[in-house]
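Visitor: Sequence and predicted structure below; questions after.
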Amino acid sequence: MGVSIDPQECGKSGGKGPWSSLNFLTRRKRVDSDKKSDGQLAKVLSVPHLTAIGVGSTIGAGVYVLVGTVAREQTGPALAFSFLIAGIAAALSAFCYAELASRCPSAGSAYHYSYICVGEGVAWLVGWALILEYTISGSAVARGISPNMAALFGGPDSLPFFLDRQHIPGVDIVVDPCAAILVLIITGLLCLGIKESTFIQGIITSVNVCALVFVIVAGGYLGFKSGWVGYELPTGYFPYGVDGMLSGSATVFFAYIGFDAVASTAEEVKNPQRDLPLGIGASLSICCALYMMTSIVVLGLVPYYAIDPDTPISSAFASHGMQWAAYIINAGAFTALCASLMGGLLPQPRILMAMARDGLLPSFFSDVNKSSHVPVKSTLATGLFAAVLAFFMDVSQLAGMVSVGTLLAFTVVAISILVLRYIPPNEIPLPPSLRDSVDYVSLGYNWRTAETNERDAEANSGTSDNAKPSVVKGDASIRYPLIPKQFAIGNYVNESNRRTVVGWIIASTCFGVFVLTLAASGTGLLSYVRYTLCGIGGILVLSGLAFLTCINQDDARHNFGHSGGFVCPFVPLLPILCILINCYLLISLGGATWARVSVWLAIGAVVYVIYGRSHSSLHDAVYVRATPADNIHGTSESYVA
């Protein structure tokens, strides 16, 4: 179990019993913990590759159906505004991802960031949820390919017998050979190498984008020719009101959740500090623009109430005499599904590899092939499992479970930004083999630090007997000396208790977000209970926001991880908004979804207790401050993951 070296207890071991405390849930790894691992991924990706991964993972065939269902039932012609608002909400998470990906460019995405900033317990939860997300999403996408392939070739019964869906009598199971075969093919492509598979995904994604561009250009021509009949409505542009438009934004938000696949490839990027933020931003911008323009064109061709919810785009063109356009649209839907399937199968092996590197899963998953420089064993294991699942099960009813993993990852990434800015990890784990160096260097460091603090206190005491040392040093604004930033809270927060106080403020803010969103979505609660909970949650959130805005961010953030990359703007407002939006969407998923997810998370807790907790690479690590750790690393080549 990880032990923190304390100034008074330097050199002493922590509790001997494995259950003496729950400190193992909060042990954190170093930023470059994978630097010395066996087998490295190839650094070959650039901005075009990352954009292809992001766009391919984000734009699935759902856009070819989502336009009709959401417009008909929730938004009307205002669907473009819903896509815009959802895109802005997704951009909040994208900003957080961009900073963490450039500072901590290793495989694992949100799992890796939460392990560094929050702790092992939360990291395991996020990683386990992401495994479920990518498994179900890959199988669900594969199941949707065969109907689109059949439509591309002429109808439901146009596929050969060995590819067509078959019903097995007696067990009420519909097997899908086409889905399983496609999963295996894409698994083989991913095993060839990241550059080769990304090149193929770029080609497939280009076909999909070209199909959408055709819809926009041809549909725009038809709209100008016909006078945009879809917008000539007596009910106006917002037939369901602003509430309907906002409800549609919550629905279409999940059309943007593919950009986290870009972050999962951080270890394979040539220049992660520059390319990762550009790749995430470019993919999100392209997807938002395509979504908005497609919805504007389609809803301009046909009134929202007359649109076909199953085939909105092709039926809109058919109403203007362009039935042949259905072939192009079906080709776009088919390639969108293939690119989305590849984007769904790509991140999971890398998450398994990152968890295995940290000892939380068997080392089998951490092997990197020396020729292709990809985790082939993890890729084959996940591909085979997804193929079996896609062959035997229709997992569309489990689609809500996919959203839990994504939204949970988004939430933890936003919390990690707050941790990084205000209380960045200031301790580094070292192996027990360096215990003597830990004791010697830490004692010397703590003695020098105490001596320095004593001299500073004497210097600041002044000559007057009534003078008191300044509580907060260096926190007053230099540019605006008349408005010190910590004037109101300086008497309560000093260097000795700052990290503890700020940590509790961040925790109370997150708790306030949970209470506020739970009350806001709990329409079944009594009115006075609901309003009371909203008030309590709102006060906690606003108080936390005000406190974090008034207090200076920790200067140690500048030296945390790799500097020179993207910096998330508007902290702490932006991360707190991100947490608020994602928490609201999580709670809104419904009880049935959470019941299913709880079973999976319970299984994960058992696996962690039985295997991960005791096999963690930080199981016997000792922790020292960053400064003495630098001295230790200068005299030893031993590193701990």
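Guide: Arrived safely.
Visitor: Quick check: which ranges of the stretch 401-550 of the chain have low pLDDT?
Guide: In the predicted model of the stretch 401-550 of the chain, residues 432-496 satisfy pLDDT under 70.
Visitor: what are the ranges of the strands in it?
Guide: In chain order, the stretch 401-550 of the chain shows strands spanning 427-430, with DSSP state E, counting those that start in this stretch as the criterion.
Visitor: Could you point out the helix or strand that follows the helix or strand of the chain with the lowest mean pLDDT?
Guide: For the chain, using mean pLDDT, DSSP states H and E, the weakest element among its helices and strands is strand 3-4, scoring a mean of 44. Tracing the chain C-terminally past strand 3-4 and defining elements by DSSP states H and E, one meets helix 47-58 next.
Visitor: who are the neighbours of that next one, in terms of helices and strands?
Guide: Other helices and strands packing on helix 47-58, by 3 or more CB pairs under 8 Å, 6 or more residues apart in numbering; DSSP states H and E, are helix 194-226, helix 260-264, helix 272-301, helix 325-345. To be clear about C-beta, it is placed using only N, CA and C from the backbone, and glycine gets the same treatment.
Visitor: count of residues packed around residue 86?
Guide: 23 (other CB atoms under 10 Å).
Visitor: Tell me if I'm right that it and residue 247 touch.
Guide: No - applying CB atoms under 8 Å, one finds residue 86 not in contact with residue 247, separated by 11.1 Å.
Visitor: Take the helices and strands packed on helix 47-58 and write them to JSON lines, including mean pLDDT and distance to residue 542.
Guide: Conversion of the helices and strands packed on helix 47-58 to JSON lines gives the following (pLDDT from 0 to 100; distance: least, CB to CB, whole Å):
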{"stretch": "helix 194-226", "mean pLDDT": "93", "distance to residue 542": "42"}
{"stretch": "helix 260-264", "mean pLDDT": "89", "distance to residue 542": "29"}
{"stretch": "helix 272-301", "mean pLDDT": "94", "distance to residue 542": "29"}
{"stretch": "helix 325-345", "mean pLDDT": "90", "distance to residue 542": "38"}
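Visitor: Could you identify which of those is most buried?
Guide: Using mean count of other CB atoms under 10 Å, the stretch among the helices and strands packed on helix 47-58 with the largest mean neighbour count is helix 260-264, at a mean of 30.
Visitor: Convert that helix to CSV, retaining C-alpha atoms only.
Guide: Taking only C-alpha atoms (Å, rounded to 0.1, in the frame of the first residue of the first chain), the coordinates of helix 260-264 have been written out as CSV:
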residue,chain,number,x,y,z
ASP,A,260,-12.3,10.9,-26.5
ALA,A,261,-11.0,8.3,-28.9
VAL,A,262,-8.5,11.0,-30.0
ALA,A,263,-7.2,11.3,-26.5
SER,A,264,-6.7,7.6,-26.2
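Visitor: Which pLDDT value belongs to the closest residue to residue 76 other than its chain neighbours?
Guide: The spatial neighbour of residue 76 that comes closest, neighbours along the chain excluded (CB to CB, 6 or more residues apart in numbering), is residue 239 at 4.0 Å. Per-residue confidence at residue 239 stands at 90 (pLDDT).
Visitor: now do residue 63
Guide: Each residue has a pLDDT score; the one for residue 63 is 85.
Visitor: what's the answer for the one 5 residues further on, then?
Guide: If you check residue 68, the pLDDT there is 89.
Visitor: That one contacts residue 309, correct?
Guide: Yes - taking contact to mean CB under 8 Å, the distance of 4.3 Å between residue 68 and residue 309 places them in contact.
Visitor: which of these two has more neighbours?
Guide: Using other CB under 10 Å, the more surrounded residue of residue 68 and residue 309 is residue 68, with 24 against 15.
Visitor: Quick check: chain neighbours aside, which residue is closest to the more buried one?
Guide: With CB to CB, 6+ apart as the criterion, residue 68 has its nearest non-adjacent residue at 2.9 Å, and that residue is residue 312.
Visitor: separation between that neighbour and residue 228?
Guide: If you measure residue 312 against residue 228 using CB to CB, to the nearest Å, the figure is 16 Å.
Visitor: picking up where we left off before, neighbours around the residue nearest to residue 76, how many?
Guide: 19.
Visitor: check contacts around it.
Guide: Contacts for residue 239 were tallied using CB atoms under 8 Å, 6 or more residues apart in numbering; they are 76, 77, 233, 304.
Visitor: Tally up the residues packed near the first one, please.
Guide: For residue 76, the tally of surrounding residues (other CB under 10 Å) stands at 26.
Visitor: Test my guess that it contacts residue 244.
Guide: Yes - look at residue 76 against residue 244 with CB under 8 Å: they come within range, at 7.1 Å.
Visitor: which neighbours do those two share?
Guide: In contact with both residue 76 and residue 244: residue 238, using CB under 8 Å, 6+ apart.
Visitor: if I've got this straight, residue 174 is in a helix?
Guide: No - under DSSP: H, G, I helix; E, B strand; the rest coil, residue 174 sits outside any helix and is assigned strand.
Visitor: and the helices and strands packed on helix 47-58 as CSV, adding distance to residue 145?
Guide: Below are the helices and strands packed on helix 47-58 laid out as CSV (distance: least, CB to CB, whole Å):
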stretch, distance to residue 145
helix 194-226, 12
helix 260-264, 18
helix 272-301, 20
helix 325-345, 5
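Visitor: right, so of the ones you listed, which gets closest to residue 368?
Guide: The stretch from the helices and strands packed on helix 47-58 with the least distance to residue 368 (CB to CB) is helix 194-226; that distance is 11.1 Å.
Visitor: and the closest one, what does it pack onto?
Guide: Under the contact rule (3+ CB pairs under 8 Å, 6+ apart), helix 194-226 is packed against helix 47-58, helix 177-192, helix 272-301, helix 312-318, helix 325-345.
Visitor: tell me which residues in the one helix or strand residue 90 maps to are buried?
Guide: Secondary structure here is read from DSSP H and E; on that basis residue 90 sits in helix 79-103. Taking 16 or more other CB atoms under 10 Å as the neighbour-count basis, helix 79-103 is seen to contain the buried residues 79-87, 89-103.
Visitor: Can you give the distance of it from its chain's centre?
Guide: Remark: helix 79-103 is offset 11 Å from the chain centroid, using CA atoms, centre = their mean, to the nearest Å.
Visitor: now do stretch 174-184
Guide: Stretch 174-184 has its C-alpha centroid displaced from the chain centroid by 28 Å (CA atoms, centre = their mean).
Visitor: Same question for stretch 254-274.
Guide: Counting by CA atoms, centre = their mean, stretch 254-274 is centred 10 Å from the centre of its parent chain.
Visitor: So what does residue 622 have for phi and psi?
Guide: Backbone torsions of residue 622, given as degrees, to the nearest 10, read phi -110, psi 150.
Visitor: circling back: for the helix holding residue 90, which helices and strands make contact with it?
Guide: The contact analysis (3+ CB pairs under 8 Å, 6+ apart) places helix 79-103 against helix 63-70, helix 110-117, helix 241-252, helix 260-264, helix 272-301, helix 399-422, helix 573-587.
Visitor: any idea what sits nearest residue 516, other than its immediate chain neighbours?
Guide: The shortest distance from residue 516 to any residue that is not its chain neighbour, by CB to CB, 6+ apart, is 3.0 Å, and that residue is residue 537.
Visitor: That neighbour reaches residue 519, doesn't it?
Guide: Yes - counting by CB under 8 Å, a contact exists between residue 537 and residue 519, whose distance comes to 6.2 Å.
Visitor: which residues sit in contact with residue 64?
Guide: For residue 64, the contacting residues are 311, 312, 313, 329, 332, 333, 336, by CB under 8 Å, 6+ apart.
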